[in-house]
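In: based on what follows, work out the 3D shape:
(4 chains)
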2 protein chains.
Amino acid sequence: MNEHVHPSADLTKNQSLVMGALTKSDGPLSAYTILDQLREHGFRAPLQVYRALDKLVEFGMVHRLESLNAFVACRHPDCDDHETIAFMICETCGLVSEISDNALANRLKLLAGETRFALKKTTIELRGICRNCQTA
Amino acid sequence: MNEHVHPSADLTKNQSLVMGALTKSDGPLSAYTILDQLREHGFRAPLQVYRALDKLVEFGMVHRLESLNAFVACRHPDCDDHETIAFMICETCGLVSEISDNALANRLKLLAGETRFALKKTTIELRGICRNCQTA
DNA sequence: CGCAATCTTGTAATGAGATAACGTCACATC
DNA sequence: GATGTGACGTTATCTCATTACAAGATTGCG
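Out: Below you'll find the predicted structure:
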């Protein structure tokens, strides 16, 4: 069995709305942007968004980008390892792409192991300019 | 010449005070914590801290921890590459250690290069429990 | 010297991100 | 039908960060 099933069917109403907003969006959204988009659906307070986001992140359907204080729908092809994903963030167009690289993950695990560090979560975010935005 | 000279001599008064607070501290400090510590030295507004921090980060003397919204004095042994440093952050004791690993840095550069992504800055933060805190 | 350009500083106000504390409601289980 | 659990709604508050504007300080040059 896959541990990272995306339980889209089991989402509550609020979770579905938040997930929908993120899926529709091209790039990452802040919690407050999501809130504004969902006001017409009855959302009134940040906590409604944050609670949904917490669950979606827990389910592995959404990632939090620490360097942006924003959230993106998970789009990486294989769902093997939600704990060691790298993000490339274009500072020009805002595009975010996910990278799942075993060599990278293993190297980090090795480094942690060397000092007996019990690794729980990794944040890897690359900021720069994507190919498209350079030629433009 | 080393491009990452730490120009401690050239720091302004505010920059020195902020740097001092970070150097004295065992772990990372938030901007507002620094502000509180420096009130007796005449600090009154967050901006005074943020301005100093911006410069110190620019000089490579201070690192920003994105996943903590906090700052640490640079303590990593070699100053070769301020752009690709990994941090291990203990969630129990707050200890932060810096890792400068070439294999890791090269792998990231390779991954970025594959998609012609012009890498500007990398954020690598490992959260977990350090060796000491596990045995305790 | 006198003046302009630039950099650093101080202050107030505000914007943006996140959570605490409270109460309520729906639903499952025994 | 009592009880536990999880999602929900609301208000207030907290933390983090920036904008905008004014005042000094410093450098460089005619």
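
In: only C-alpha atoms for contact and neighbour calcs from this point on.
Out: Fine.

In: nearest the middle, which residue of chain A would you pick?
Out: Central residue of chain A (Cα atoms, centre = their mean): residue A:63, 1.6 Å from the mean position.

In: from the contact counts, what lies against the helix or strand where that one lies?
Out: Assigned by DSSP states H and E, residue A:63 falls within strand A:62-65. With contacts taken as 3 or more Cα pairs under 8 Å, 6 or more residues apart in numbering or on different chains; DSSP states H and E, strand A:62-65 sits against helix A:46-59, strand A:70-73.

In: that older thread, can you verify my assumption that the residue nearest to the centre of chain A contacts residue A:74?
Out: Yes. Between residue A:63 and residue A:74 there is a contact under Cα atoms under 8 Å: 6.1 Å.

In: ok, which of the helices and strands packed on strand A:62-65 comes nearest DNA strand D?
Out: When these are compared by Cα to the nearest atom of the strand, helix A:46-59 sits nearest DNA strand D, at 5.3 Å.

In: give the buried residues for that closest one.
Out: A:49-50, A:52-53, A:56-57, A:59 (16 or more other Cα atoms under 10 Å in any protein chain shown).

In: please name the residues that touch the residue nearest to the centre of chain A.
Out: A:57, A:71-74 (Cα atoms under 8 Å, 6 or more residues apart in numbering or on different chains).

In: okay, it and residue A:32: tell me how far apart.
Out: Distance of residue A:63 to residue A:32, given as Cα to Cα, to the nearest Å: 16 Å.

In: how about residue A:38?
Out: The value you get for residue A:38 to residue A:32, if Cα to Cα is used, is 10 Å.

In: within range of DNA strand D, give me the residues from chain A.
Out: Residues of chain A lying close to DNA strand D by Cα under 7 Å from any atom of the strand are A:12-15, A:42-48, A:51-52.
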